[in-house]
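A.B. asks: Show me the folded form of this:
(one chain, ligands or ions: 1)
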Amino acid sequence: MSNRREFFKAGAAVAAGGILTAGLSAPAEAKSFGTYSRWKRSHGGPPESPEYLGKLVSGFRKPSLPPVPVQTPDTKKLPWTMEDGRKTFRLSCEVVKQEFLPGAWMNVWGFNGSMPGPVIEANQGDRVRIIVTNNLPEPTSMHWHGLEIVVDMDGVPGMTQDLIPPGGQFVYEFDLHQAGSFFYHSHLAMQEAMGMVGWLIIHPATAYTPTVDRDFALIFQNFFIEPSSMTADSRRMDWNWHTINGRSGPYTTPLLVKHGERVRVRLLDFSPMQHHPIHLHGHTYWLTGTEAGRIPQSAWIPRNTTLVGVAMANDFEFVANNPGDWIFHCHMVHHMMNHMTYPAGPAMRPNQAVEEYQASIPDTVDQELVIETKETGDADTLPTHLTPGYPQKMPGGMSMPPEVMKKIMGRKEVAGMRKGWHMAVKGLMTAIRVLPHDLYDRVVQGDPSIRPGDIYEETVRRVRAE
Ligand SMILES: [Cu+2]
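C.D. replies: This is a model prediction of the structure:
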């Protein structure tokens, strides 16, 4: 193992063109796969080789350092204090107004003013105390999903403890001997459907190898909210609003990474009823962990779509060797849009042809679809016509009010993306931006001189010039 670590800890050596596995006896096969580079699109040796698809190619971070802290776009971390030798966290269960899209403040349930709740980040070996206060209008109970703890801390109402009444409090105490992508949630079904979940991420005592430079954590959720309402309806069996860390695309904040870094994305599906085939463009990732913890390297699977089921968490790892803005999304078509609903107004009648219907509503025929990019001073129009029953005017779709666009386009994380990028990002979609280091710095520092398309075009220019 030490040889392998020695072999991979120098990113530059790998970058120099990849090194074939010692003892490889099939040069023809090796040739067909090529060699691996953290800087270019590359497979990297036969499937048994450690650098195949970047499998064991380490990040730039030194293995002697502790695990890199987790990054949770659009969701805060829960602060703690040390009390009686325990990391002590305070969770308030409460009704929350969460801004799914700019101005779309939805009534859901969560913790400490946030849905999903703030991230509890801890280390293997920590002794923790979590003080849960119930500020909901009904009783609750809190479960620590995946943790092997003493049964009276498991949070199942009736079975392991009494309900926490409105205004009441329950103190949970346990010691963390595991490591992985765990989470906390109310153990009352309808409260789960209202959004009552948060990460409980436990870092291993010693950082995993290969090391990662980035460790992102995202929670995917579905809600049903009637077009005339701003309140989630937990009884519905279908879903029309979708959030990643409490926001719908294109308000989801892109994940920013530097070209060549090794990246981990932890992804939890906490939708009430539906599963998400999670797809990353431009890269192949390795499935390195589940909600139960780390997967042995021999069982890692390379994928670019993985079905993440309800209450399952997956850890993905990849080397960001392909610069550009890459979409990262659930592949269910109804999860790739916002507020999907039939528009109010006349409906198709039985035995009526589409043409007749369209003729009866003059402004749905040959109407121009306006792609609003007013913040850039441009307004593109595309010739099209609306399809009866198809909601082409969904909020967060192609047409959004200027104040909404301003809030979406005004974030530094989206600076220099291609004009119109937001049209492709809806519902359970976000972007992973793999940026050359100097361009990364300009984006992160909020360089005001960046114009729409600048970063994207410069990245493409460089890749094409190689
Ligand atoms: Cu989905």
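A.B. asks: Show me which residues of this structure sit near the ion.
C.D. replies: H276, C330, M332, H335 (C-beta under 5 Å from the ion). For glycine as for every other residue, the C-beta is placed from the backbone atoms N, C-alpha and C.
A.B. asks: Give me the neighbour count for P137.
C.D. replies: Neighbours of P137 under the rule other C-beta atoms under 10 Å: 9.
A.B. asks: re earlier: for the residues of the chain next to the ion, pick the one with the most neighbours.
C.D. replies: C330 (28 neighbours).
A.B. asks: picking that back up, the residues of the chain next to the ion into CSV, with extra columns for pLDDT and secondary structure?
C.D. replies: Shown next, in CSV, are the residues of the chain next to the ion (pLDDT from 0 to 100; DSSP: H, G, I helix; E, B strand; the rest coil):
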residue, pLDDT, secondary structure
H276, 93, strand
C330, 90, strand
M332, 86, coil
H335, 85, helix
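A.B. asks: Could you please name the strands the longest strand seen in the chain pairs with and the direction of each pair?
C.D. replies: When the chain is scanned for its longest strand (criterion: DSSP state E), the result is strand 86-101. Next to strand 86-101 in the sheet, as set by DSSP bridges, lie strand 81-83 (antiparallel), strand 104-111 (antiparallel), strand 127-134 (parallel).
A.B. asks: rank those strands by pLDDT, which is bottom?
C.D. replies: Ranked by mean pLDDT, those end with strand 104-111 at the bottom, a mean of 94.
A.B. asks: just to revisit the earlier point, for the strands paired with strand 86-101, which one sits closest to L255?
C.D. replies: Nearest to L255, of all these, is strand 104-111, at 22.2 Å by C-beta to C-beta.
A.B. asks: Can you name the element that comes right after the closest one?
C.D. replies: Counting by DSSP states H and E, the next helix or strand C-terminal to strand 104-111 is strand 120-123.
A.B. asks: Listing partners with orientation, what would you give for that next one?
C.D. replies: Strand pairing (DSSP bridges) places strand 120-123 next to strand 197-203 (parallel).
A.B. asks: Which residue ranges of the stretch 101-250 of the chain form strands?
C.D. replies: 104-111, 120-123, 127-134, 142-145, 169-175, 180-186, 197-203, 214-223, 241-244 (DSSP state E, counting those that start in this stretch).
A.B. asks: how about those strands in TSV, adding distance to N322 and mean neighbour count?
C.D. replies: Compiled in TSV, the strands of the stretch 101-250 of the chain are given as follows (distance: least, C-beta to C-beta, whole Å; neighbours: other C-beta atoms under 10 Å):
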stretch	distance to N322	mean neighbour count
strand 104-111	33	22
strand 120-123	29	20
strand 127-134	39	20
strand 142-145	34	22
strand 169-175	42	16
strand 180-186	25	25
strand 197-203	27	25
strand 214-223	15	25
strand 241-244	22	28
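A.B. asks: and G293, which of the ones you listed is closest to it?
C.D. replies: Nearest of those (C-beta to C-beta): strand 180-186, 3.8 Å.
A.B. asks: and the closest one, what other elements does it pack with?
C.D. replies: strand 142-145, strand 197-203, strand 262-269, strand 285-290, strand 313-319 (3 or more C-beta pairs under 8 Å, 6 or more residues apart in numbering; DSSP states H and E).
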